[in-house]
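> Just a sequence and a predicted model for now, questions to come.
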6 protein chains.
Amino acid sequence: MKKRVVTLGEVLMRLTTATHERFEQSNTYRVHFGGTEANVSISLAQWNLGATHITSFPNHSIGKTACDYLKKSGVDTNNIKFNDGRMGLYFLENGVMQRSSKIIYDRFDSSFSKLNPTIFNWDEILKDVDWFHWTGITPAISESAAQLCLDALTSAQKLGITVSGDINYRRNLWQYGKSPLEIMPELISKTNVIVGGLTDFENCLDISANNFEEGCKKVQQKYTTVHTLSNTQREIISASQNKLSAILWRNNKYNISKTYTMENIVDRIGGGDAFMAGLIYGLMYKEEEDALEFAVASAVLKHGILGDANLVSVEEVEQLVQGDNIGRLLR
Amino acid sequence: MKKRVVTLGEVLMRLTTATHERFEQSNTYRVHFGGTEANVSISLAQWNLGATHITSFPNHSIGKTACDYLKKSGVDTNNIKFNDGRMGLYFLENGVMQRSSKIIYDRFDSSFSKLNPTIFNWDEILKDVDWFHWTGITPAISESAAQLCLDALTSAQKLGITVSGDINYRRNLWQYGKSPLEIMPELISKTNVIVGGLTDFENCLDISANNFEEGCKKVQQKYTTVHTLSNTQREIISASQNKLSAILWRNNKYNISKTYTMENIVDRIGGGDAFMAGLIYGLMYKEEEDALEFAVASAVLKHGILGDANLVSVEEVEQLVQGDNIGRLLR
Amino acid sequence: MKKRVVTLGEVLMRLTTATHERFEQSNTYRVHFGGTEANVSISLAQWNLGATHITSFPNHSIGKTACDYLKKSGVDTNNIKFNDGRMGLYFLENGVMQRSSKIIYDRFDSSFSKLNPTIFNWDEILKDVDWFHWTGITPAISESAAQLCLDALTSAQKLGITVSGDINYRRNLWQYGKSPLEIMPELISKTNVIVGGLTDFENCLDISANNFEEGCKKVQQKYTTVHTLSNTQREIISASQNKLSAILWRNNKYNISKTYTMENIVDRIGGGDAFMAGLIYGLMYKEEEDALEFAVASAVLKHGILGDANLVSVEEVEQLVQGDNIGRLLR
Amino acid sequence: MKKRVVTLGEVLMRLTTATHERFEQSNTYRVHFGGTEANVSISLAQWNLGATHITSFPNHSIGKTACDYLKKSGVDTNNIKFNDGRMGLYFLENGVMQRSSKIIYDRFDSSFSKLNPTIFNWDEILKDVDWFHWTGITPAISESAAQLCLDALTSAQKLGITVSGDINYRRNLWQYGKSPLEIMPELISKTNVIVGGLTDFENCLDISANNFEEGCKKVQQKYTTVHTLSNTQREIISASQNKLSAILWRNNKYNISKTYTMENIVDRIGGGDAFMAGLIYGLMYKEEEDALEFAVASAVLKHGILGDANLVSVEEVEQLVQGDNIGRLLR
Amino acid sequence: MKKRVVTLGEVLMRLTTATHERFEQSNTYRVHFGGTEANVSISLAQWNLGATHITSFPNHSIGKTACDYLKKSGVDTNNIKFNDGRMGLYFLENGVMQRSSKIIYDRFDSSFSKLNPTIFNWDEILKDVDWFHWTGITPAISESAAQLCLDALTSAQKLGITVSGDINYRRNLWQYGKSPLEIMPELISKTNVIVGGLTDFENCLDISANNFEEGCKKVQQKYTTVHTLSNTQREIISASQNKLSAILWRNNKYNISKTYTMENIVDRIGGGDAFMAGLIYGLMYKEEEDALEFAVASAVLKHGILGDANLVSVEEVEQLVQGDNIGRLLR
Amino acid sequence: MKKRVVTLGEVLMRLTTATHERFEQSNTYRVHFGGTEANVSISLAQWNLGATHITSFPNHSIGKTACDYLKKSGVDTNNIKFNDGRMGLYFLENGVMQRSSKIIYDRFDSSFSKLNPTIFNWDEILKDVDWFHWTGITPAISESAAQLCLDALTSAQKLGITVSGDINYRRNLWQYGKSPLEIMPELISKTNVIVGGLTDFENCLDISANNFEEGCKKVQQKYTTVHTLSNTQREIISASQNKLSAILWRNNKYNISKTYTMENIVDRIGGGDAFMAGLIYGLMYKEEEDALEFAVASAVLKHGILGDANLVSVEEVEQLVQGDNIGRLLR
């Protein structure tokens, strides 16, 4: 039987300028939808897991279109709510060469941020589920979103579901009057698998460390539920050329992945989510070193795909891990 | 010397689906900018008047792009402010055949709605200006926008500038706690030329009438500054086929324009603004019957042009009035 | 509880030339997917019924893409099979003015045509279903497809489900060695609601008649399960301008709908399917005259939408029936 | 054996703004190539005649591209020269509704205008040819082009080839120091079939008349080689809606064609050339009334096709003449 | 006088997804036409040789469009047949970064595969021809295509024409009941110039070797007509970055070309055909080392051009060989 | 107060083929406008200086569109003239990989080339201006353009304005009967800051040197007004990969900038103008080494932006100089 994963989080409409054009130049936008947690669900659905995403959309045609996109991607949308509020947006100008990519967010007062947290029956949603995934974006959006996240985690913990959280600290969110340090520790205390780096640990968990290994140990001391910590490492030569690797701390062991040179990058948005999805898949079905390699290879492939979602198959990821069929012409 | 006109109002980004596609289908949006008052300024700038638009934009690349658009259109943007808040948006699905056009507004909390009204020095802005134009959209947006409008009108009246107002009642605005009847009468009392219909009179001025002529008389009785009232009359056969005419009440005389059959309509947004601009231009330079005909012809041509702005010349409008060069091939 | 409808039939990839371009000119094709029965399912899913489509797709990325399209449209795809064979295609050049639309079919040896008919468990698929819909396209494709259709109808009849069939006679199909007269009568004998005209009756049922009413009576005499017959009537002035009405025979009563003038036609493919979907919806929820009007209005709206599917809401169809909000600007 | 036709004239690059966009708006141009005489050759080549076009192109990639376009269209390009000078251009904004189409020419100093007239061996080019076609554009371009035309006509007359000429008077050409009246009479005196109207007769032949019939008689009196005169008649309701018919004078008989109502016009450029091609084809293979009807129907179909060339088959034209298959869906 | 080359083989329609989009994402396809042998003809025609392609197309507008494409490219299409059957297709998703390119073929039952081999009079087609080129794709398609190939080779050998063959073994063709080893040896025995590698030799000629030199010697021992063998060598770093060189065995001498680093690859389809065309051109006009360098440089340039055809001039290829004008801005 | 810069020169319409397409393939062109001096003005306007451009445009819609483009870019266009003549054009095929970019110019007889030099009142235009910039393109266009340039320089010198000149020698201009050596020395003798290299010095100033330093000294000996000389140095690996650095000679000191590796180049047109603008800005506000670094970084960023203009901010250039935020994702 298919393993089942539930993710929770806001989905934004992304409006990208025409290829290589700046905001000042582009008279068309390409429409995509994405959200860091929904991106994870889409990857897992592509990989034939049962993936359910929990969110809300505004009750109009564009909200419906966003929901249709999740359906098309194989995600179960039966628990999604339609309510008041707007569709959160972001405008994207993809960088190239030495020029950075630029995002203008326009996500306040979204339908998701206004969601009544009591609307979901988490015990029912999470019944027979194997894994629950959240990120630090959700509690950063609004008080009700933070509550939503806490309710889900409480239920997941009660039901014995594995919980992963991508800390993903964003300074320009957290504008509703709470600081991350007031909210995140409780959420992390109900989480088993964490993706994050030293900055995340410091800002969200008040933990300082000199390196990732030390950071992991300190997190585990404080949060005993956490059994796995991981993070990607990106070296940026230019917007078009990056190097990517990742690290995993588990069972007191420190794993480092292969490093990939990525040239001709098409779209790096969603690279971290592709890693997260790869890690969840890997930890479910593989040994931990293989899980880590699967996760990094998944993230690498994402950089060659337009849009937030990582439209690749398990076979494609595994071939990259094994060094097969890289950049060929498959007939 | 060029006559000078000042307009005041919000500019929105308009995102239109691909030709004939519904929101559910379109994976690109065409970007335009427009605002009912800015559209008037653009028309007048195209017609070689000095046109200044007063508004604010968010202080980011997209705000700058919106401002560049006005510059390109010949509008003086030197008094435009850049401040906090978002860019107001609307999503447009252009109708065709029997199917209606559909707008999803997303304009709350915009930069313009948050403008501090004291930021503009109206006496300076309006120095040596011949005409000031406002619409009922502005006081419907926020309390500060309503104040802004009142300040401008007070200054204009003091300086003896002709003031036009397009009442343009929109039920789904007016959400900041005031009703139109609390705000609009004072604004109309400082206005000389009004565009509006019976619904507008009722909702904004508390004046009921059985026909336009009666309505005009009642408005003039109550608001003695108003010397001219006008409105367009649209008969809708389908989204692609409309008939358009207009009426003008002035000096106790009722003028009715020619009726145009418009087939193969491309984009009706901004048709009313094209009429308004035509009326301002006409009242400045022509007899009142000619002014009315100029205004309707201007509105008709707008229906054949993509985007909010009416990119036509005075010659093109006049040729349509005279029945010359309609639909030909001009080499 | 939602009513549930099951449809059966092939889905083709449609490749349309650029707007107004002939095959000789177009260097891009717009990709849509459509099939006469799947189009019905999509309409019904949009209208909030439970719609399940039964078909097969080739087991490759394009087959998956076609299936994703149905998912996105709200159709239940859980019973769809992936097997060998190719994706059936058609190339479309949309006509305009006096120039006809032109289709080049390329659908032989498709995955669907090679489907093993025993692969579906119809009793299970049709459990708790309210309506089953098929068309004369399916038995025209291949012997196995004809068998598939017969099996489905037999099960539907056994389970007491209402069955509708759109006869849809196509001369250039039926190439596998059987004639329509060998196959269609048995299928019609298990059907309750028929859409078709005199040519269909003659070619598929060997019934000649001088008019629709006479034809209906003769069909009912021979096929006693049939309680409802309907058809659209199209007058073609040009590819851009048609008139459309429809007729319905039921309970010995002959209903004629309003006639709509359709100008600026965007895409007439799927107009008949939009009618069929409207009729099914109408017969489920409305009186028969209203059902007919709903069906024609649904068909009219389809002509203004790109692609095979009729992306309109129940409200939009009903407003057209009532003459409300036709061709307006809905804010 | 295929009949063979030779045409002579300049080919221009046409740069058209995006659909419904004005020059001020469009940031892309669609590239087409066309020339009034080459358009005739292309039609005839599509209709399976042997069509040879004589012209010159600049000796660079864009000149080569223009020539490739003729090859693709089935025209024999073996006698085309590549020399110095630029590619003549025109910028086109297609009108819609009441707004006219607008052309900005940029054709001076073209490669064709600088052609050395002695470069062609007309006796060889015209060997075994059945028909030669020229227009009044060529002698209007430059002195050498006028000479080129005269040389071709002299050779054609000597070889007994039927010669057609489309007078096509254009005021804004004729800038090289000669007036039409100095040049055209000699050319017409070597021509057998003329397309033109009263303005053409007056400006190019110094013949005034009150109606077409009288004009024809006067032309024939003065130019005894002319045995056939024809012209189209266009009534313009808007850029999107025209009516079209045509007249033919031959053997002292005046024929008037059917009148077509053309709605939803896509592109009227090349309509006259489609008529001319139809007339040549018709006069070769049909009775004169049928020839005229064929020519008008050809012209009508052109209005529904993007670009200068009339990409329709003989069957499509004949079906329109017979009223068959107009605006249908041909599977 | 121009040298004349004849090529034989199927032409497919290629449908490519939008730049960097996967099949699941792309709602448009870019249309190109290509075939491994026709691509060679197009290159040679661009280089001013007389190039004739022999194939067949379906007898409909798309078949005609494919033929027009060859005409436009300068290829003589006079011997091409139009008959029954479909247009062979392939769908292409161009890879980027580590992601491979992916082809979905849909070419069975094509017009070409059903060609009656007796329809061509090879002695006439090959009269005064200098070179004939075929590939191993043709005999892999159908029994009649294999016969066609054999007939052509027999005639070419009789007429003393140089014959080149690109072995091009494709496992997923050869589905009509014959194995390559039953067919290819006879064809190779009538061939003088071979392009292929060790896998080709093994699968098609039953010759195993440890390296190319040994393979060449063994081929020549068995097939005494073969005087020249060549192959490209590709090192794949990613879909965007490859290295390319080539080897040539002739007169018992082994030549190795320069190695080119290719970054920012646009489209590698047709690279081998560009090499083949370069080799034919080179062997006709240059010394063998220069021929090899010309061929590789031709192949390199192809990787920067969209579509199957290598749209470059002899000068451009020679400049790359000489290291001139690489990647500059030529005014 | 803003510093004010005036630039003088022709603006061309640029027509670029679709991405990676050759002239033979592209059926659309992307429209940009640019001119080497206007590009400098646009950069400076983006950087918040007062920038005025002096030129002329043809008196039609496309000329107006070109002027609107400058307005939109923030350039003061009040002194631009509209007169007879055509819009100068160039066609661009952007290179990629080893394939060079290719320009086909079509700029003769432009509106600018025919400008009456006495039409401008330079003393008025240059009043309160800080810097005047010209290039060697202008005197190469026509005798009147050369005179225009001389008049401007004479006035600038008189008013004590800093003058920069980009020598920019182009062999294929200079077709009006004068050689650069007859014209350029006088212009250089009124210039203070020169951009150029050894070829420029030789062709325009008759100065030969073995290296840039020697060249600079010789130029300064002969032209005592010149206090600063600079040039970029480009190493071309392919059209997609270049290295860029620059040198500056001033106060007897030789500065060499960092060398940037540029991969994935989007559009190199305007790179030199971006350098020039950076140099002007740098010399106004920074020490000379910093000025040089600012100029090179400006040029590097240009290579990642479509179109002639360098749409980057001062902050973006400075971050590149400092190595901050290169190729990141800025939220």
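Perfect, thanks for sending it.

> all contacts plus neighbour counts: C-alpha atoms, from now on.
Fine.

> where does the stretch 1-150 of chain A have low pLDDT?
For the stretch 1-150 of chain A, no stretch has pLDDT under 70.

> how close does the residue lying closest to A:K72 once chain neighbours are set aside sit to C:T16?
Leaving aside its sequence neighbours, A:K72 sits nearest to C:K72 (Cα to Cα, 6 or more residues apart in numbering or on different chains; 4.2 Å). Look at C:K72 and C:T16: by Cα to Cα, to the nearest Å, they are 21 Å apart.

> Which of those two has more residues huddled nearby?
Neighbours per residue (other Cα atoms under 10 Å in any protein chain shown) separate C:K72 from C:T16, with C:T16 holding more: 24 against 21.

> what's next to the helix or strand harbouring the more buried one, contact-wise?
Per DSSP states H and E, C:T16 falls inside strand C:12-17. Contact partners of strand C:12-17, identified using Cα atoms under 8 Å, 6 or more residues apart in numbering or on different chains, comprise C:23, C:26-35, C:66, C:87-94, C:107.

> Return the members of the residues you listed classed as buried.
Neighbour counting by 16 or more other Cα atoms under 10 Å in any protein chain shown classes C:23, C:26-35, C:66, C:87-94, C:107 among the contacts of strand C:12-17 as buried.

> Now do the contacts for the nearest residue to A:S245 once chain neighbours are set aside.
Spatially, and ignoring its direct neighbours in sequence, A:S245 is nearest to A:T259 (4.5 Å; Cα to Cα, 6+ apart). By Cα under 8 Å, 6+ apart, the contact list for A:T259 reads A:243-246.

> Distance check, A:T259 against chain F.
19 Å (Cα to the nearest Cα, to the nearest Å).

> what does A:Q233 give?
Distance from A:Q233 to chain F, by Cα to the nearest Cα: 14 Å.

> Confirm that that residue lies within a helix, as I assumed.
No - assessed with DSSP: H, G, I helix; E, B strand; the rest coil, A:Q233 is strand; it does not lie in a helix.

> what mean pLDDT would you report for stretch A:299-317?
Mean pLDDT, stretch A:299-317: 98.

> What residues does chain A have near chain F?
A:20-22, A:24, A:95-105, A:236-240, A:264 (Cα under 8 Å from any Cα of the partner chain).

> just those residues that are near chain E?
Among the residues of chain A next to chain F, chain E is touched by A:N264 when using Cα under 8 Å from any Cα.

> Tell me how many other residues surround A:T77.
Applying other Cα under 10 Å, we find 18 residues neighbouring A:T77.

> Now do the contacts for it.
Counting by Cα under 8 Å, 6+ apart, the residues that A:T77 touches are A:52-54, A:67, A:70-71.

> can you list these in TSV and add secondary structure?
Formatted as TSV, the contacts of A:T77 follow (three-state DSSP):
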residue	secondary structure
A:T52	strand
A:H53	strand
A:I54	strand
A:C67	helix
A:L70	helix
A:K71	helix
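
> Closest to B:A299 out of the residues you listed?
A:C67 (38.6 Å; Cα to Cα).

> What distance do you get for the closest one to chain F?
Counting by Cα to the nearest Cα - A:C67 and chain F are separated by 25 Å.

> what do you get for A:S111?
21 Å.

> Tell me if I'm right that that residue and A:S56 touch.
Yes - contact criterion Cα atoms under 8 Å: A:S111 and A:S56 qualify, at 6.3 Å.

> who has more neighbours, the two?
Ranked by neighbour count (other Cα under 10 Å), A:S111 and A:S56 place A:S56 first, with 27 against 24.

> any idea where the helices of the stretch 101-250 of chain A begin and end?
Along the stretch 101-250 of chain A, counting by DSSP state H, counting those that start in this stretch, helices occupy A:122-125, A:137-141, A:143-158, A:180-188, A:198-205, A:212-222.

> Let me see the contact set for A:R22.
A:93, F:305, F:311.

> out of those, who's nearest chain D?
Checking the contacts of A:R22 against chain D with Cα to the nearest Cα, the nearest one is F:I305 at 15.8 Å.

> For C:G323, see how far away that closest one is.
With Cα to Cα as the criterion, F:I305 and C:G323 are 51 Å apart.

> try A:F294
A:F294 is 58 Å from C:G323, by Cα to Cα.

> These two - which one has more neighbours?
The neighbour comparison of A:F294 against C:G323 (other Cα under 10 Å) goes to A:F294, with 29 against 10.

> Kindly list the main-chain dihedrals of that one?
phi -60, psi -40 (degrees, to the nearest 10).

> ok, now which ones touch it?
A:278-279, A:282, A:317-318, A:321.

> if you set the cut-off to 6 Å instead, what comes out?
A:G278 (Cα atoms under 6 Å, 6 or more residues apart in numbering or on different chains).

> Need the CA coordinates for the strand holding C:T16. PDB is fine.
What follows is strand C:12-17, C-alpha atoms only, in PDB (Å, rounded to 0.1, in the frame of the first residue of the first chain):
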ATOM      1  CA  LEU C  12      -7.100  12.600 -28.200                       C
ATOM      2  CA  MET C  13      -4.300  15.200 -28.200                       C
ATOM      3  CA  ARG C  14      -5.400  18.200 -30.300                       C
ATOM      4  CA  LEU C  15      -2.800  20.300 -32.000                       C
ATOM      5  CA  THR C  16      -4.200  23.600 -33.200                       C
ATOM      6  CA  THR C  17      -2.300  26.000 -35.500                       C
END
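
> neighbouring contacts of the helix or strand following it?
The helix or strand immediately downstream of strand C:12-17 is strand C:28-34, counting by DSSP H and E. Residues outside strand C:28-34 that contact it (Cα under 6 Å, 6+ apart) are C:11-17, C:307-308, E:27-31.

> after strand C:28-34 comes which helix or strand?
For strand C:28-34, the succeeding helix or strand toward the C-terminus, using DSSP H and E, is helix C:36-46.

> which helices and strands does that following helix pack with?
If contacts are counted by 3 or more Cα pairs under 6 Å, 6 or more residues apart in numbering or on different chains; DSSP states H and E, helix C:36-46 sits against helix C:271-285.

> buried stuff in the helix it packs on?
Result for helix C:271-285 [16+ other Cα under 10 Å]: buried residues C:271-283.

> before we move on, what about stretch A:220-227?
Quick answer for stretch A:220-227 (16+ other Cα under 10 Å): A:220, A:223, A:225-227.

> And chain A, what are its domain boundaries?
Domain assignment for chain A, taken from automatic domain parsing, gives A:1-41+A:48-115, A:126-188+A:203-223, A:227-331.

> Just put these in TSV and tack on distance to F:A140.
Formatted as TSV, these follow (distance: least, Cα to Cα, whole Å):
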stretch	distance to F:A140
domain A:1-41+A:48-115	31
domain A:126-188+A:203-223	54
domain A:227-331	39
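
> do you know which of those lies nearest C:T154?
So among the domains of chain A, domain A:1-41+A:48-115 is nearest, using Cα to Cα, at 32.3 Å.
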